[in-house]
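**Q** Any chance you can model this:
(chains A and B)
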Protein chains: 2
Amino acid sequence: MSGRLVIAGLGPGAEGLVTPQVAAALAGASDVVGYIPYVARVAPRPGLTLHATDNRVELDRAAHALEMAAAGRQVVVVSSGDPGVFAMASAVFEALETGPAEWQALQIEVLPGITAMLAAAARAGAPLGHDFCAINLSDNLKPWALIEKRLRLAAEADLAMAFYNPRSASRPEGFARALDVLREACGDARPVIFARAVSTPEEQILTVPLTEARPEMADMRTVVILGNSATRILRRPGGDIVYTPRSVPA
Amino acid sequence: MSGRLVIAGLGPGAEGLVTPQVAAALAGASDVVGYIPYVARVAPRPGLTLHATDNRVELDRAAHALEMAAAGRQVVVVSSGDPGVFAMASAVFEALETGPAEWQALQIEVLPGITAMLAAAARAGAPLGHDFCAINLSDNLKPWALIEKRLRLAAEADLAMAFYNPRSASRPEGFARALDVLREACGDARPVIFARAVSTPEEQILTVPLTEARPEMADMRTVVILGNSATRILRRPGGDIVYTPRSVPA
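**A** Below is the predicted model:
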């Protein structure tokens, strides 16, 4: 059997959010590769080898997966959420581009998943129901000045914003600066949603006005959503709802 | 039994992309409400009433769903893709906000789905692997000048862009103008992906340089993805891959 590489998204955590396509790929895998907590979500079985590696070794992990596929294995690289959103798909293609010629004929497939911002948005209501952007707040792989520039331009465009990796243990000061920039650029009390561990037993959803958002409301398991200037909170006995209307009056 | 309203995303088309959570909600529904082609994806069964309505009646459809839930029915509003991305969730909350008091205690849940841009990105590679935005190109609900402004600012921020509703039958000229704005603002030959009917038997994926993109490459079933300035095409025997690297050098 010739080797094959699948890059699959496990969704944010709940089994009910794993697509049947991804479940089938895992059922046919000989090897599953990924960051420790994501590989831990795959049930062990005879014939399946689990390769769990630490964070920040994405390119090594990608190369290992490509090597095994080139050697004839049925390899699934797992990411949380969607593999194409701040996850393993780009890392695999970076490794592929600079890798040996025998990798270039490999069959590679990306299987989408429910990404954190959309699971979080669904729990809050519909804060991303109008134009929006997704920005990775980690400055591991890009200069901080570029992040600030993007925040200011996104605010000027009046886009709702979803922030991934808002606050790492190693660089907690970045998110405080991001909140300062956003308060200055937006100048209002629009809602901010802190969605932690969405769809898991540890899920916590906190909504506050931008003026009251604090850096310590986010950690590494949080995705943060900032509304646009029209985003509203419906206070109701059935549960508060944060949503962005579809229309902008002329 | 008290009524309940679920707003569910069916994903882009393939059964393998419908989450188990959404499948379970449909299995427990008494009434399914939505646009004709999406309701057609739900299998009829005894005890289930299908309410299929035409396009552009979103608020009426939402009010009808809320009324039925308030009357004790188990109602599922279906959208293609994700219900929170240019779909029914915001329409339901708009109807809810202006609706009667008895709707305010209703139990309402949004179930996320695989949105078109992420399914399209997965088929192409990983064009949304770095910061990106999602913009609805229809000017039914917002002024065209705002769309142009957002395109220019997104280009200045060097975001990859996903465009929903690029070209309606009634307003085909908008997308031609959008392409002109983007060519001027981006000034390069970065890849554009036209992804039509992703995950269905009619799927077509076309990738061209921005300089060669033409309005007629899109229709109402197409989502369009424009790379950022670093987006690359890997030409390879195993199939071309379009991806955006994770890093931006300082």
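**Q** ranges for the helices of chain A?
**A** A:20-27, A:36-39, A:58-70, A:88-97, A:116-124, A:144-156, A:173-186 (DSSP state H).
**Q** Buried ones in the third one, by neighbour count?
**A** So the one you mean is helix A:58-70. Using 16 or more other C-beta atoms under 10 Å in any protein chain shown as the test for burial, helix A:58-70 gives A:Glu58, A:Arg61, A:Ala62, A:Ala63, A:His64, A:Ala65, A:Leu66, A:Glu67, A:Met68, A:Ala69, A:Ala70. To be clear about C-beta, it is placed using only N, CA and C from the backbone, and glycine gets the same treatment.
**Q** which among those gets closest to chain B?
**A** The nearest member of those to chain B, counting by C-beta to the nearest C-beta, is A:Glu58 at 7.8 Å.
**Q** How confident is the prediction for the closest one, by pLDDT?
**A** On pLDDT, A:Glu58 comes in at 93.
**Q** ok so, going back, and the helices of chain A as a markdown table, adding distance to chain B?
**A** Shown next, in a markdown table, are the helices of chain A (distance: least, C-beta to the nearest C-beta, whole Å):
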| stretch | distance to chain B |
| --- | --- |
| helix A:20-27 | 4 |
| helix A:36-39 | 17 |
| helix A:58-70 | 8 |
| helix A:88-97 | 3 |
| helix A:116-124 | 4 |
| helix A:144-156 | 4 |
| helix A:173-186 | 12 |
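**Q** Would you tell me which one of those is buried the most?
**A** helix A:116-124 (a mean of 28; mean count of other C-beta atoms under 10 Å in any protein chain shown).
**Q** what's that one packed up against?
**A** strand A:160-164, strand A:191-196, strand A:204-209, strand A:222-226, strand B:107-111 (3 or more C-beta pairs under 8 Å, 6 or more residues apart in numbering or on different chains; DSSP states H and E).
**Q** With distance to A:Arg123, mean neighbour count and mean pLDDT as added columns, please give those in TSV.
**A** Putting these into TSV (distance: least, C-beta to C-beta, whole Å; neighbours: other C-beta atoms under 10 Å in any protein chain shown; pLDDT from 0 to 100) gives the following:
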stretch	distance to A:Arg123	mean neighbour count	mean pLDDT
strand A:160-164	13	25	98
strand A:191-196	6	24	98
strand A:204-209	5	15	97
strand A:222-226	10	26	98
strand B:107-111	7	21	97
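**Q** possible to save those as CSV with distance to A:Ile147?
**A** Listed next are the helices and strands packed on helix A:116-124 as CSV, based on distance: least, C-beta to C-beta, whole Å:
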stretch, distance to A:Ile147
strand A:160-164, 10
strand A:191-196, 17
strand A:204-209, 22
strand A:222-226, 13
strand B:107-111, 29
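**Q** Nearest to A:Thr244, out of these?
**A** For the helices and strands packed on helix A:116-124, distance to A:Thr244 was read as C-beta to C-beta. The smallest value, 5.7 Å, belongs to strand A:160-164.
**Q** Report the distance from that closest one to the chain centre.
**A** The gap between where strand A:160-164 is centred and where its chain is centred comes out at 10 Å by C-alpha atoms, centre = their mean, to the nearest Å.
**Q** do the same with stretch A:5-18
**A** 12 Å.
**Q** go on, stretch A:103-115?
**A** Chain-centre distance of stretch A:103-115: 17 Å, with C-alpha atoms, centre = their mean.
**Q** Run the contact check for that stretch versus chain B.
**A** Yes. Stretch A:103-115 lies within reach of chain B by C-beta under 8 Å from any C-beta of the partner chain, at A:Gln104, A:Ala105, A:Leu106, A:Gln107, A:Ile108, A:Val110, A:Leu111, A:Pro112, A:Gly113, A:Ile114, A:Thr115.
**Q** What's the end-to-end length of that stretch?
**A** With C-alpha to C-alpha, to the nearest Å applied, stretch A:103-115 spans 28 Å between its terminal residues.
**Q** same check, this time on stretch A:38-46
**A** Stretch A:38-46 end-to-end distance (C-alpha to C-alpha) = 19 Å.
**Q** do stretch A:11-18 as well
**A** This stretch, stretch A:11-18, spans 6 Å end to end (C-alpha to C-alpha).
**Q** How about stretch A:106-125?
**A** End-to-end distance for stretch A:106-125: 41 Å, by C-alpha to C-alpha.
**Q** what does stretch A:83-92 give?
**A** Terminal-residue distance, stretch A:83-92 (C-alpha to C-alpha): 10 Å.
**Q** Mind listing residues that contact that stretch?
**A** For stretch A:83-92, the external contacting residues (C-beta atoms under 8 Å, 6 or more residues apart in numbering or on different chains) are A:5, A:7-9, A:34, A:58-59, A:61-62, A:65-66, A:77-81, A:108, A:110-113, A:115, A:117, A:134, A:136, A:164-165, B:118, B:121-122, B:125-130, B:243-246.
**Q** ok, the nearest residue to A:Glu102 once chain neighbours are set aside - contacts?
**A** Excluding the flanking residues, the one nearest A:Glu102 by C-beta to C-beta, 6 or more residues apart in numbering or on different chains is A:Ala70, at 5.3 Å. Taking C-beta under 8 Å, 6+ apart, we find A:Ala70 in contact with A:Gly3, A:Pro100, A:Glu102, A:Trp103, A:Leu106.
**Q** Pop the domain breakdown of chain A in here.
**A** Domain ranges of chain A: A:4-114, A:117-243, per automatic domain parsing.
**Q** Please compute how far the shortest one lies from its chain's middle.
**A** Here the centre of mass of C-alpha atoms in domain A:4-114, compared against the chain's by C-alpha atoms, centre = their mean, lies 15 Å away.
**Q** Does A:Val198 touch A:Leu17 like I think?
**A** No. Using C-beta atoms under 8 Å, A:Val198 makes no contact with A:Leu17, being 9.2 Å away.
**Q** Looking at these two, which has the bigger crowd around it?
**A** A:Val198 (29 against 26; other C-beta atoms under 10 Å in any protein chain shown).
**Q** Looking at the helices and strands packed on helix A:116-124, which is nearest to B:Asp188?
**A** That would be strand A:160-164 among those, by C-beta to C-beta, at 25.4 Å.
**Q** relative to strand A:191-196, how tilted is the closest one?
**A** Strand A:160-164 runs at 30 degrees relative to strand A:191-196, counting by axes from the mean of the first three to the mean of the last three C-alpha atoms, to 10 degrees.
**Q** can you list contacts of strand A:160-164?
**A** Against strand A:160-164 from outside (C-beta under 8 Å, 6+ apart): A:85-86, A:116-117, A:120-121, A:127-128, A:130-138, A:151, A:154, A:178, A:182, A:223-228, A:231, A:244.
**Q** one step back: what do A:Val198 and A:Leu17 both touch?
**A** Listed as contacting both A:Val198 and A:Leu17 by C-beta under 8 Å, 6+ apart are A:Ala119.
**Q** so how far is B:Ala8 from A:Glu67?
**A** Using C-beta to C-beta, to the nearest Å, A:Glu67 is found at 40 Å from B:Ala8.
**Q** A:Lys142 too?
**A** For A:Lys142, the distance to B:Ala8 - C-beta to C-beta - is 36 Å.
**Q** Tell me how many other residues crowd the nearest residue in space to A:Pro143 that is not next to it in sequence.
**A** Here the nearest residue to A:Pro143 in space, its sequence neighbours aside, is B:Ala250; by C-beta to C-beta, 6+ apart that works out to 4.6 Å. Using other C-beta under 10 Å, B:Ala250 is surrounded by 9 other residues.
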